[in-house]
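# below: sequence and its predicted model.
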Amino acid sequence: MPGVWDPLSARLAAQAGFEAVFLSGYAVAGTMLGQPDIGALTQTEMADVAGRVCPAVPDTVVVVDADTGYGNALNVQRTVDLWEAAGATGLFLEDQVWPKRCGHMAGKQVVERGEWLAKLQAALDRRTHLHITARTDARGPLGLDEALERGRRAIDLGVDAVFVEAPESLAELEHIAASLPGVTLVANMVETGRTPLLTPAELHELGFDLIVSPVSGVFAMARAVGVAFEKLAEVGTLRDDLDLLVAFEEFTDLVGLPDAQIVDARYNL
């Protein structure tokens, strides 16, 4: 699942052939707020983005980051309601202390194991269809053994997938897979992050079958737009650098102009 942050990025992912995407809190915080992923993004802001992304790609599975659930068990259940109303297929629910931070940043803290498990249970009790992924960030502050125990306890609750965030070696990935059999395991491939970058085929061989690339698109976008703007600022035009751009018609097709014109013609006889 590539990370997306708005309807346009979701459509680009679908156009590229992805059947599922991940609405990334990291990417949304960066693009909507211009801020790092350190807990500034609110529950209703994320729900609003999800409510625009999901209808934009109706044939695509959309899993939406839910951070810590934005509070206690009652808040988690409201998050489930909002995500389902938006059209999400699944969510990730983590065990960090709020305000959380990106899983590949230093200085993370996690709540007591029981508090996180209670929130997972609340999500499971409330959902009608959401795929629930239990994400633990305990490997950093408390060690891999505690992260694995949290994963086991989450499996006992009946979650659909387990995500041990930020393992730092191939050996750790192998140990996670061996220690948590019988459940879908998530691997988070963050370019220039803490975890070794592997292909989906390599990860499948290890035992990981839900693969997320949450920042690939937003990092590529930042680089590409930055390059184009630097050239525009330097020269004043991109007439000699059209290779940096999509064509006008290509973009209007991407955002659905042909379909809009059909509707417009139907009702404007």
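Cool, the structure landed. Residues are numbered from 1 along each chain as shown.

# just the strands in the stretch 51-200 of the chain please.
61-65, 90-94, 131-136, 161-164, 184-188 (DSSP state E, counting those that start in this stretch).

# make JSON lines out of these and add mean neighbour count and distance to Leu245.
Every residue, glycine included, has its C-beta placed from N, CA and C. Shown next, in JSON lines, are the strands of the stretch 51-200 of the chain (neighbours: other C-beta atoms under 10 Å; distance: least, C-beta to C-beta, whole Å):
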{"stretch": "strand 61-65", "mean neighbour count": "24", "distance to Leu245": "28"}
{"stretch": "strand 90-94", "mean neighbour count": "26", "distance to Leu245": "34"}
{"stretch": "strand 131-136", "mean neighbour count": "24", "distance to Leu245": "37"}
{"stretch": "strand 161-164", "mean neighbour count": "24", "distance to Leu245": "37"}
{"stretch": "strand 184-188", "mean neighbour count": "23", "distance to Leu245": "31"}
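
# now Met189, nearest residue through space, not along the chain?
With C-beta to C-beta, 6 or more residues apart in numbering as the criterion, Met189 has its nearest non-adjacent residue at 4.9 Å, and that residue is Ser213.

# okay, the strands of the stretch 51-200 of the chain in a markdown table with mean pLDDT next?
Formatted as a markdown table, those follow (pLDDT from 0 to 100):
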| stretch | mean pLDDT |
| --- | --- |
| strand 61-65 | 98 |
| strand 90-94 | 98 |
| strand 131-136 | 98 |
| strand 161-164 | 98 |
| strand 184-188 | 98 |
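
# ok, and what's touching stretch 136-143?
94-96, 100, 103, 106, 108-110, 116, 146-147, 150-151, 154, 162-167, 172 (C-beta atoms under 8 Å, 6 or more residues apart in numbering).

# just the CA coordinates of it, formatted as PDB?
What follows is stretch 136-143 as a C-alpha-only set of coordinates in PDB (Å, rounded to 0.1, in the frame of the first residue of the first chain):
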ATOM      1  CA  THR A 136       2.900  -1.300  18.600                       C
ATOM      2  CA  ASP A 137       5.700   1.100  18.900                       C
ATOM      3  CA  ALA A 138       7.100  -0.600  22.000                       C
ATOM      4  CA  ARG A 139      10.300  -1.900  20.300                       C
ATOM      5  CA  GLY A 140      12.000   1.500  20.700                       C
ATOM      6  CA  PRO A 141      11.200   2.500  24.300                       C
ATOM      7  CA  LEU A 142      10.700  -1.000  25.900                       C
ATOM      8  CA  GLY A 143      12.400  -3.500  23.600                       C
END
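
# and it, which residues are buried?
136-140, 142 (16 or more other C-beta atoms under 10 Å).

# these in helices, which ones?
Among the buried residues of stretch 136-143, the ones falling in helices (DSSP state H) are 139-140, 142.

# about what we covered before: just put the strands of the stretch 51-200 of the chain in a markdown table and tack on distance to Ala122.
Below are these laid out as a markdown table (distance: least, C-beta to C-beta, whole Å):
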| stretch | distance to Ala122 |
| --- | --- |
| strand 61-65 | 17 |
| strand 90-94 | 9 |
| strand 131-136 | 10 |
| strand 161-164 | 17 |
| strand 184-188 | 20 |
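
# for Asp125, which of these is the nearest?
Closest of those to Asp125 is strand 131-136, at 10.5 Å (criterion: C-beta to C-beta).
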